[in-house]
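Asks: pasting the sequence and the predicted coordinates here, then a few questions.
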Amino acid sequence: MWPIEGHNDRDNGSDAEENEDHLGTQIATEFVALMRPKWEKRFVIFMSCKPPVDPVKLVMKHVENVQETGVTRTKYTHRLTPVSGTCVANLPELHSLCRRTVTAYCAQENTEGSPKARKAFELRVRNHNTLTRMQIIQEVATCMPSNYTVDLDDPDVFVLVEVFKSTFGVSIVEDHYRFQKFKVMELANAHNEPERFEKGAGRVQDKKQDVNDNGTL
């Protein structure tokens with residue numbers, strides 16, 4: 001006769017055990033996912049500009065638009081760093097690059113005969129241990145015009161030096177503090193949420209408070 005006595009009972013018991021095993025597996029998987037450390041991936045992306053495009057003017061125009069409109073147009077971009085020129089990471093090449101960059105800036109701005117200008121340096125080093133920070137800063141300082149003096153509180157110009165592995169990048173910019181060090185999200189937030197960026201409340205609004213951030217010297 002069909003069904004055989006006790007057969008359905010055994011099948012029901014087997015199905016219940018399988019459901020319990022499946023549920024246990026799901027719980028274990030979710031537990032592992034919860035315990036897994038959460039970390040944010042960050043990347044450095046390099047973009048080249050062909051003449052007549054000037055990287056400094058391009059970035060300055062973009063951050064001006066962000067500051068005026070509060071629209072970043074870049075979903076995941078944290079900071080934009082213009083680079084006027086690059087070279088191999090050694091002191092002679094760095095000296096030559098800085099000389100060319102400073103000469104081009106002074107010729108453009110016609111500042112060689114102007115009253116003393118105030119300058120500051122900002123150096124970022126990534127994955128490089130051949131040269132020390134002090135060696136790099138001292139070499140860049142020797143390339144600056146004699147009428148430039150160091151002013152960490154309110155500089156007229158900022159000399160940006162980026163070191164990534166075996167490559168140097170150098171640029172000279174103005175209004176670095178006013179544009180939140182080119183942090184586009186900070187600029188957008190300052191426009192869209194002004195109450196959070198009252199005087200002294202922003203990350204770069206108070207220049208004296210933030211002067212030593214990220215190796216500024």
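Replies: Alright, I've got the coordinates. These figures come from a predicted structure and were not determined experimentally.
Asks: for the rest of this, base every contact and every neighbour count on C-alpha atoms.
Replies: Fine.
Asks: what about S171, which SS state?
Replies: strand (DSSP: H, G, I helix; E, B strand; the rest coil).
Asks: distance of it from V59?
Replies: S171 sits 12 Å away from V59, going by Cα to Cα, to the nearest Å.
Asks: again with N90
Replies: 27 Å.
Asks: can you give me the pLDDT of the closest residue to T77 other than its chain neighbours?
Replies: In space, and not counting its chain neighbours, T77 is closest to V184: 7.2 Å by Cα to Cα, 6 or more residues apart in numbering. We have a pLDDT of 91 for V184.
Asks: can you tell me which residues contact V184?
Replies: 63, 66, 72, 77-80 (Cα atoms under 8 Å, 6 or more residues apart in numbering).
Asks: compare S171 and V59 (neighbour count), which wins?
Replies: Each of S171 and V59 had its neighbours counted (other Cα atoms under 10 Å), and the higher figure belongs to S171 (22 against 17).
Asks: my read: the more buried one touches P82, true?
Replies: Yes: the pair S171 / P82 is scored as a contact, 6.6 Å apart, by Cα atoms under 8 Å.
Asks: can you pull the phi/psi pair for the residue positioned nearest the centre of the chain?
Replies: Against the mean C-alpha coordinate of the chain, by Cα atoms, centre = their mean, the closest residue is R79 at 3.9 Å. R79 adopts backbone torsions of phi -140, psi 140, taken as degrees, to the nearest 10.
Asks: number of residues surrounding the residue nearest to it when sequence neighbours are not counted?
Replies: Nearest non-adjacent residue to R79, counting by Cα to Cα, 6+ apart: K183, 4.3 Å away. If you count neighbours by other Cα under 10 Å, K183 ends up with 19.
Asks: run a quick neighbour tally on D154.
Replies: 15.
Asks: give the helix, strand or coil label for it.
Replies: coil.
Asks: now it: phi and psi?
Replies: phi -140, psi 70.
Asks: so for the longest strand seen in the chain, what's the average pLDDT?
Replies: Identified as the longest strand of the chain according to DSSP state E is strand 117-126. The pLDDT scores in strand 117-126 average 88.
Asks: tell me which residues in the helix or strand just after that strand are buried?
Replies: Of the helices and strands lying after strand 117-126 in sequence (DSSP states H and E), the nearest is helix 133-141. Buried residues in helix 133-141, counting neighbours by 16 or more other Cα atoms under 10 Å, are found at 136, 140-141.
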